[in-house]
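Asks: build me a model from this:
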Amino acid sequence: MSSYALWDQLLVGPFGVVIAACWGAIWGSFCNVVVVRVPRGESVVRPPSHCRSCGREVAWYDNLPVLSYLLLRGRCRHCDARYSPRYALVELGVASLAVGLHHVYVVQAEGPLGLRVAQFAITSLFAVAMVALALIDLATMRIPNAITYPGIPIAVALSPWMSLPHLWDGLLGAAGGYLLVRLIADGWELLTGRQGMGYGDGKQLAMIAGLLGWQTLLPTLFLASLQGTLIGVTTLLWLRRSARRRRALPTPSEAPSEAPSEAPSEAPSEAPSEAPSEAPSEAPDDAPLGAARLPFGPFLSLAALELLLLRDLLPPFLPWL
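Replies: Now for the predicted structure:
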């Protein structure tokens, strides 16, 4: 058996799955750093990982993805500060995405092994960027230029490795993605006087279509809009109903003196707030649903990941793909 055939067998078998899971978990850990530091304008490299409660640097054996969180029970070894379970969940999520992408681009795909491995590496890192953008947009209602500005040219440069029909498909996709969202956003504001999609959404779509080609522009927008409408409206209705129930509860005349004025936060100090500054639940009960602001970036990320993972299943339902 040749060395090429041996590597092919190894990478499509259980060994390849384990490598993909470890690869994804490591990048999931880095994704947590990006989500915390980028919105604050901090470097993702310096200083090294540390506890923001006591300032102590996190040792390498306390920084193993998922495993260290479980062994330390989600707390700092030195000051016992509690860490948010979001850290482990992101690492597990990105590891799961990597396993799925390994199955699509290495196991099921045809072609040279080197190209399949390259496509897996590219799409898995792209998935990390999508997850980071989704979490940051959920927390801050902003899509940071620190990710999209370098991400767009990198995506275009890597697009020839994605087996697109033409070399210029990625460049056309990046330009078309931003211009399309810009046209929708400016047109909506002109017609209604209110801001709809933000320009950050256009940069994210440019990053997506820059890697996957202009052919994915309409499918991405269609999937993101459809799922955003279903999930968004359902969430807003649930939040409105919950707010009405809370307001219907009787208010005690006096709070017990022993009770603290605020419940202590369980998230570590380095974790960003997971609620946007303009949460839908803060809107009046009778406010129209259209007046609420929902981030669109998470749905763009979801659509992009679906196009990657379901690329062989979606074309019958999306004939323009």
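
Asks: any regions of this protein where pLDDT drops low?
Replies: Where the chain drops to pLDDT under 70, the residues are 1, 196, 250-293, 315-321.

Asks: centroid residue for it?
Replies: The centroid of the chain falls nearest to V131 when counting by Cα atoms, centre = their mean (1.7 Å).

Asks: so the spatially closest residue to that residue that is not a sequence neighbour is in which element?
Replies: Among residues not flanking V131 along the chain, C31 sits closest, at 5.6 Å (Cβ to Cβ, 6 or more residues apart in numbering). Every C-beta, even on glycine, is put in place using the N, C-alpha and C of the backbone. Element membership of C31, judged by DSSP states H and E, is helix 14-37.

Asks: which elements pack onto that helix?
Replies: Packing contacts for helix 14-37, counted by 3 or more Cβ pairs under 8 Å, 6 or more residues apart in numbering; DSSP states H and E, involve helix 86-102, helix 113-140.

Asks: and of the ones you listed, who's closest to Q204?
Replies: helix 113-140 (5.8 Å; Cβ to Cβ).

Asks: A109 against V117, yeah?
Replies: No. If you go by Cβ atoms under 8 Å, A109 and V117 don't touch, sitting 10.0 Å apart.

Asks: just the buried positions in stretch 81-92, please.
Replies: If you call a residue buried by 16 or more other Cβ atoms under 10 Å, then stretch 81-92 has these buried ones: A81, Y83, S84, R86, Y87, A88, V90, E91, L92.

Asks: redo the helices and strands packed on helix 14-37 as CSV? Include distance to W7.
Replies: Formatted as CSV, the helices and strands packed on helix 14-37 follow (distance: least, Cβ to Cβ, whole Å):
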stretch, distance to W7
helix 86-102, 14
helix 113-140, 6
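
Asks: which of the ones you listed sits closest to L310?
Replies: Among the helices and strands packed on helix 14-37, if distance is taken as Cβ to Cβ, the winner is helix 86-102, at 9.7 Å.

Asks: in this protein, where's the longest helix?
Replies: Using DSSP state H to define each element, the chain has its longest helix at helix 217-248.

Asks: show me what that helix packs onto, helices and strands only.
Replies: With contacts defined as 3+ Cβ pairs under 8 Å, 6+ apart, the packing partners of helix 217-248 are helix 169-192, helix 199-212, helix 297-309.

Asks: how far off helix 297-309 does it point, in degrees?
Replies: 140 degrees (axes from the mean of the first three to the mean of the last three Cα atoms, to 10 degrees).

Asks: in helix 217-248, which residues are buried?
Replies: Buried, per 16+ other Cβ under 10 Å, within helix 217-248: 217, 219-221, 223-225, 227-228, 232, 236, 239-240, 243.
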